[in-house]
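Peer 1: can you look at this prediction? I've put the sequence above it.
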Amino acid sequence: IAADLMGVEGVRIYRDSAFFKQPGAAATPMHQDNNYMLLDTDRSITAWIPLREVTASTGSLHFISRSHTLDNRGKTAKQNLKAAYRLGLEEMTYGGIGLGDVTFHAGWTLHNAPPNDTRDTREAMTMMYYEDGAVIVNPFGTDPTGHLNQYFGGQKTGETADTPFNPLVYTKDS
């Protein structure tokens, strides 16, 4: 599914994460997953998978429609959010998400989640995928050492992100 949505021949896993938003937890700020990934590709996608029913009150995701089409590279989410508002891009939510549902959003999609205003913990998993062949970059010029060690097994900028940390999980040839 990720390969088809991104329009690529091969897909690697960037990371998987569990997100448990406790009762009363604050809003998750507007962000873009690609700003964390340090890859040279625009072809990345996140699958957001609820582990129990998610209601609008527990912190269902909000998205800025078409924000992934902006000239996002090398800019912070704050800069991209200003551009999205100037262009009148709409913030959307789909309300609740049932158990067994999955949402997918492109890596440059601006998104956030409101606070959890319930007594229930919002439980979700994410799987982040990227196009096979992507190269590690450092667009913000910060020290990427910790990130490179955690997500790319210590590889350096300029190298292809193809480590055992990032297994190839799909190719159209297989």
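Peer 2: Structure's in. What do you need?

Peer 1: contacting residues around stretch 68-82?
Peer 2: Defining contact as Cβ atoms under 8 Å, 6 or more residues apart in numbering, one finds that stretch 68-82 is touched by 29-32, 34-35, 42, 64, 67, 83-84, 87, 105-110, 139-140. From N, CA and C alone the C-beta is placed, and that goes for glycine too.

Peer 1: distance between the ends of it?
Peer 2: With Cα to Cα, to the nearest Å as the measure, stretch 68-82 spans 14 Å from end to end.

Peer 1: where do the strands sit along the protein?
Peer 2: With strands called from DSSP state E, the chain shows them at 10-21, 28-31, 44-50, 62-64, 91-93, 103-106, 111-113, 122-131, 168-171.

Peer 1: show me the shaky parts of the chain.
Peer 2: Low-confidence segments of the chain, defined by pLDDT under 70: 174.

Peer 1: do that again at 80, thanks
Peer 2: Per-residue confidence for the chain (pLDDT under 80) gives these ranges: 74, 140, 174.

Peer 1: show me the residue sitting in the middle of it in space.
Peer 2: Centroid-nearest residue in the chain, with Cα atoms, centre = their mean: Asp33, separated by 3.6 Å.

Peer 1: how about the helices in this structure?
Peer 2: Using DSSP state H, the helices of the chain run over 2-6, 34-37, 77-86, 145-152.

Peer 1: nearest to Phe20, out of the ones you listed?
Peer 2: Closest to Phe20 of the helices of the chain, according to Cβ to Cβ: helix 34-37, at 19.1 Å.

Peer 1: give me the contacts around the closest one.
Peer 2: Residues contacting helix 34-37 (Cβ under 8 Å, 6+ apart): 14, 42, 44, 72, 76-77, 107-108, 128, 130, 147.

Peer 1: with stretch 132-147 instead?
Peer 2: Outside stretch 132-147, the residues within contact range by Cβ under 8 Å, 6+ apart are 8-12, 36, 38-41, 43-44, 73-74, 148, 152, 155-162, 168, 171.

Peer 1: report how many residues lie close to Pro50.
Peer 2: When counting by other Cβ atoms under 10 Å, one arrives at 22 neighbours for Pro50.

Peer 1: again with Asn80
Peer 2: 24.

Peer 1: ditto for Leu70
Peer 2: 20.

Peer 1: distance of it from Arg52?
Peer 2: Leu70 sits 33 Å away from Arg52, going by Cβ to Cβ, to the nearest Å.

Peer 1: and what of Arg66?
Peer 2: 30 Å.

Peer 1: show me the contacts for the residue nearest to the centre of the chain.
Peer 2: Taking Cβ under 8 Å, 6+ apart, one finds 44, 46, 105, 107-109, 128 in contact with Asp33.
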